[in-house]
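1. Give me a model of this one.
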Amino acid sequence: MPNGNPEQLYHQQQQPQTEPVWPTNAYPDKLMALLKSSGEYDRLRKQIFTTFQNSDMRKVLLSRVDGVVTECLENDSDVLSRPPDATHATLMKELDTYPFVERQVLCVPIWREDEWIAGIERAIMRNLPQNQ
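-> Just a heads-up that it's a prediction; the model follows:
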């Protein structure tokens, strides 16, 4: 360990800030509220869903869901004899243990499209109050 005053060592170890400095009131929840109130959030959500529905990732996801449900039904033979709500709850609980929905959505090509990302940035800038 280098010799020296701990305060000097601390300042020597500090690196320049590379992230933009956001105003103190720039919180993700405020940004989400702004996008939701403008209708932009709903438009983006629908665009992501449509892109996912039209991608090959949808088939992969449905195949994985089918596999998990089939395995659950094979391992718990009386699941279908329960009331429909209980059957549904059991199957949903089993599906919730697998993060494949999130993984498949992240594989949708839209996340890598520069124009789509630029569109989100434009929507944010368009919806920000002018004094920010």
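2. OK, contacts around the spatially closest residue to Gln104 that is not a sequence neighbour?
-> Leaving aside its sequence neighbours, Gln104 sits nearest to Leu61 (CB to CB, 6 or more residues apart in numbering; 4.3 Å). Heads up, the C-betas are built off the backbone N, CA and C, glycines and all. By CB atoms under 8 Å, 6 or more residues apart in numbering, Leu61 lies in contact with 100-101, 104.
3. chain center to whatever helix or strand Leu61 lives in, what's the gap?
-> Under the criterion of DSSP states H and E, Leu61 resides in helix 56-75. Relative to its chain's centre, helix 56-75 lies at 21 Å (CA atoms, centre = their mean, to the nearest Å).
4. buried stuff in it?
-> 57, 61, 64-65, 68, 72 (16 or more other CB atoms under 10 Å).
5. again, but for stretch 106-125
-> For stretch 106-125, burial by neighbour count (16+ other CB under 10 Å) applies to 108, 110, 116, 123.
6. Distance check, the nearest residue to Gln47 once chain neighbours are set aside against Lys30.
-> Spatially, and ignoring its direct neighbours in sequence, Gln47 is nearest to Ile110 (7.3 Å; CB to CB, 6+ apart). In this structure, Ile110 and Lys30 are 25 Å apart, going by CB to CB, to the nearest Å.
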